[in-house]
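Peer 1: Show me how the following folds:
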Amino acid sequence: MQQGQITLPTGVTVRDPDGGHYVIEAVLSKEQTGAVYLVRQKSEPQKHFSLKEIITPTERERKHFLLEGQLLRQLDHPSLPRVYRSFEHDSLKRVYLLMDYIQGQSLDVLRAQHSNQRLPLSLILTLLSPIVDALIYLHRQEPPVLHRNIKPTNIIVRDRAHPPVLIDFGMAKLFIAGTTTGFFKGTLGYAAPEQYMGTTSPRTDVYGLAATFYALLTGTLPTSAVSRLRSPNRDPLKPASQLVPSLPPVVDQALQRALSLNSEERYPTVAAFWHDITAGANISSNPLLIAAPHTSSNEPEMVMSPSQPGQGHAPRKWRPSIFLLIVLGLLLIILLSIILVSRIYG
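Peer 2: Model (predicted):
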């Protein structure tokens with residue numbers, strides 16, 4: 001069956017079990033397993049969402065997709081789209097994930113607008129810092145959430161008031177050691193070798209993040225893991241420094257390690273990779289790269305350099321309100337005492 005035949009046409013309404021009706025306005029992307037649609041809520045036409053679709057899933061895939069949808073609903077981070085619900089449509093034999101529709105330019109479009117179709121190192125660090133914090137947040141969930149499709153087209157830059165957003169959770173997976181997906185999920189050039197075997201871990205996202213960094217920095221698509229595996233004697237992936245001679249050596253080495261074909265040779269975490277990248281770029285004193293990563297309402301606020309995003313909390317901010325109340329109270333007592341004394345001896 002061809003993709004053109006299985007994707008739903010514009011104007012079709014998809015109904016969820018709770019009575020919500022969503023009208024398809026456009027196809028945002030297509031895959032072998034389904035599509036992502038731009039939809040509007042029929043009862044409130046001004047509201048738009050992204051609707052991720054999986055077509056004719058197996059029973060195992062259906063249960064897994066719906067379960068992961070329930071868990072993704074609990075995520076709350078400014079650089080991640082909110083997931084509202086997952087549901088299935090029996091007559092269409094499809095399952096769906098309803099998410100925020102994020103408007104803006106992708107990093108791939110932004111890259112193409114720059115000279116030589118690549119971004120300067122300082123700008124890449126600024127744009128990717130919130131994404132790194134989002135990935136650290138995902139990997140710290142129980143169980144960890146893997147994105148598995150990090151690439152420039154899946155990072156949307158909005159206005160200056162909002163951080164970039166990592167979109168497309170259609171390939172997200174809960175990491176449970178020893179489990180597999182059974183088939184390839186990912187994008188050539190950005191997918192780690194283990195994705196072709198259906199086995200992934202947090203190190204898979206390290207590879208995807210490094211491949212994204214490489215593409216933005218050099219303006220070239222990284223050589224696919226398959227092509228690299230077919231050339232064991234000479235890696236066809238050129239070091240980034242060959243394409244960008246001014247690149248600091250430590251940054252170049254960090255990228256090469258993060259793009260290792262052997263997952264055990266990569267950085268174990270996104271935070272460790274980002275630490276070496278920012279340390280090598282020597283940007284710890286750059287105020288543009290100081291981010292305030294997302295925290296939940298019951299956690300203390302923290303401000304940190306992206307050299308170690310998401311690691312540890314800064315001391316609680318001093319709140320002067322109680323101190324000021326005490327001072328004002330003392331001043332009031334003194335004032336009343338002066339008035340009382342003046343009346344007695346006046």
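Peer 1: Report pLDDT for the residue positioned nearest the centre of the chain.
Peer 2: For the chain, residue 166 is the residue whose C-alpha lies nearest the centre (C-alpha atoms, centre = their mean; 3.5 Å). On the pLDDT scale, residue 166 is placed at 95.
Peer 1: Verify the stated contact: it with residue 75.
Peer 2: No - contact status for residue 166 versus residue 75: not in contact, 11.0 Å apart, counting by C-beta atoms under 8 Å. Heads up, the C-betas are built off the backbone N, CA and C, glycines and all.
Peer 1: still on that earlier bit, check the gap between the residue nearest to the centre of the chain and residue 227 for me.
Peer 2: 26 Å (C-beta to C-beta, to the nearest Å).
Peer 1: Break this structure into its domains for me.
Peer 2: Following automatic domain parsing, one finds the domains of the chain at 3-100, 105-289.
Peer 1: from the ones you listed, which stretch is densest packed?
Peer 2: Of all the domains of the chain, domain 105-289 has the most neighbours on average by mean count of other C-beta atoms under 10 Å, namely a mean of 18.
Peer 1: Let me know the average pLDDT across stretch 213-229.
Peer 2: Here the average pLDDT along stretch 213-229 is 96.
Peer 1: Output it as PDB, nothing but the C-alphas.
Peer 2: These are the backbone C-alpha positions of stretch 213-229, laid out as PDB (Å, rounded to 0.1, in the frame of the first residue of the first chain):
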ATOM      1  CA  PHE A 213      25.500  19.500  16.000                       C
ATOM      2  CA  TYR A 214      27.800  18.200  13.200                       C
ATOM      3  CA  ALA A 215      25.200  19.000  10.500                       C
ATOM      4  CA  LEU A 216      24.600  22.600  11.800                       C
ATOM      5  CA  LEU A 217      28.300  23.200  12.200                       C
ATOM      6  CA  THR A 218      29.500  21.800   8.900                       C
ATOM      7  CA  GLY A 219      26.500  22.300   6.700                       C
ATOM      8  CA  THR A 220      26.600  18.700   5.600                       C
ATOM      9  CA  LEU A 221      24.500  15.600   6.500                       C
ATOM     10  CA  PRO A 222      26.600  13.200   8.500                       C
ATOM     11  CA  THR A 223      27.400   9.900   6.800                       C
ATOM     12  CA  SER A 224      24.900   7.300   7.700                       C
ATOM     13  CA  ALA A 225      25.800   4.700  10.300                       C
ATOM     14  CA  VAL A 226      25.100   2.000   7.700                       C
ATOM     15  CA  SER A 227      27.700   3.400   5.200                       C
ATOM     16  CA  ARG A 228      30.200   3.800   8.000                       C
ATOM     17  CA  LEU A 229      29.700   0.200   9.100                       C
END
